[in-house]
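Visitor: Provided below for reference: sequence and predicted model.
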Amino acid sequence: AQKITQTQPGMFVQEKEAVTLDCTYDTSDQSYGLFWYKQPSSGEMIFLIYQGSYDEQNATEGRYSLNFQKARKSANLVISASQLGDSAMYFCAMREGGIGSYNTDKLIFGTGTRLQVFP
Amino acid sequence: ETGVTQTPRHLVMGMTNKKSLKCEQHLGHNAMYWYKQSAKKPLELMFVYNFKEQTENNSVPSRFSPECPNSSHLFLHLHTLQPEDSALYLCASSQDRGGRRNTEAFFGQGTRLTVV
């Protein structure tokens, strides 16, 4: 069975500081994808960053970077220079399957981390 | 217009009511999904449609009935729900490339459902 674990129910960070949100995963697949989504109070899940299991370099998207450690099965999200607007729930998710799989968009989510940025 | 639009945003219904949730995507995607988000639980995948065909039913009770008339629209018909069905229902879409790198899923803002 596949599983995503986010051990931090809540995190606080001061504005302009960096913060790391933890995510570990469990899968027996060799090919998989890892995602981070942000969910503000409005409810919408906003895609932030993606890491493929065969990608050799850590993914980066603006202030977001993914610290991918395959051997440890961890995919931590690093947010640099935090902003007040970053306050939200953050979800780590995994997509099973890869090339050759037909229906590959079943995302498995963790329970999320609530990030609060203070001035 | 946002990429994935869900209506209504909020819904309160009695256990004997029949209602429908609507999702529309303007991204040209060919796959659509319903997820359920309950308090303090991970998002749960309910249904998947690829090219208008249902390809996944994640052991969802029959009181939830999906409908996908075309690749842009997805409905979730509700009848005789229970209070424990109260949750945020999220619709998502993506472009399924047949196993190669699919796009990330884009989500709507959800419908907050309360069953009384």
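Guide: Ah, there it is.

Visitor: where does the closest residue to B:H79 other than its chain neighbours land on pLDDT?
Guide: Of all residues not flanking B:H79 in the chain, B:K18 sits nearest, at 4.4 Å (CB to CB, 6 or more residues apart in numbering or on different chains). Using the backbone N, CA and C atoms, a C-beta is placed for each residue, glycine as well. Note for B:K18: predicted pLDDT of 95.

Visitor: does any part of the lowest-mean-pLDDT helix or strand in chain B sit near chain A?
Guide: Least confident helix or strand, chain B: strand B:53-57 with a mean of 75, by mean pLDDT, DSSP states H and E. Yes - residues of strand B:53-57 contacting chain A under CB under 8 Å from any CB of the partner chain: B:T55, B:E56.

Visitor: what residues of the helix or strand that that strand is followed by count as buried?
Guide: With elements assigned by DSSP states H and E, the helix or strand that comes after strand B:53-57 is strand B:64-70. Neighbour counts using 16 or more other CB atoms under 10 Å in any protein chain shown place B:F64, B:P66, B:C68 of strand B:64-70 among the buried residues.

Visitor: same check on stretch B:86-98?
Guide: B:S86, B:A87, B:L88, B:Y89, B:L90, B:C91, B:A92, B:S93, B:S94, B:Q95, B:D96.

Visitor: next one: stretch B:45-58
Guide: Buried-residue list, stretch B:45-58, by 16+ other CB under 10 Å: B:L45, B:M46, B:F47, B:V48, B:Y49, B:N50, B:K52, B:E56.

Visitor: closest one of those residues to B:R9?
Guide: B:M46 (18.7 Å; CB to CB).

Visitor: so what strands line up beside the helix or strand hosting that closest one?
Guide: For B:M46, the element it lies in under DSSP H and E is strand B:44-50. As defined by DSSP bridges, the strand partners of strand B:44-50 come to strand B:31-37 (antiparallel), strand B:53-57 (antiparallel).
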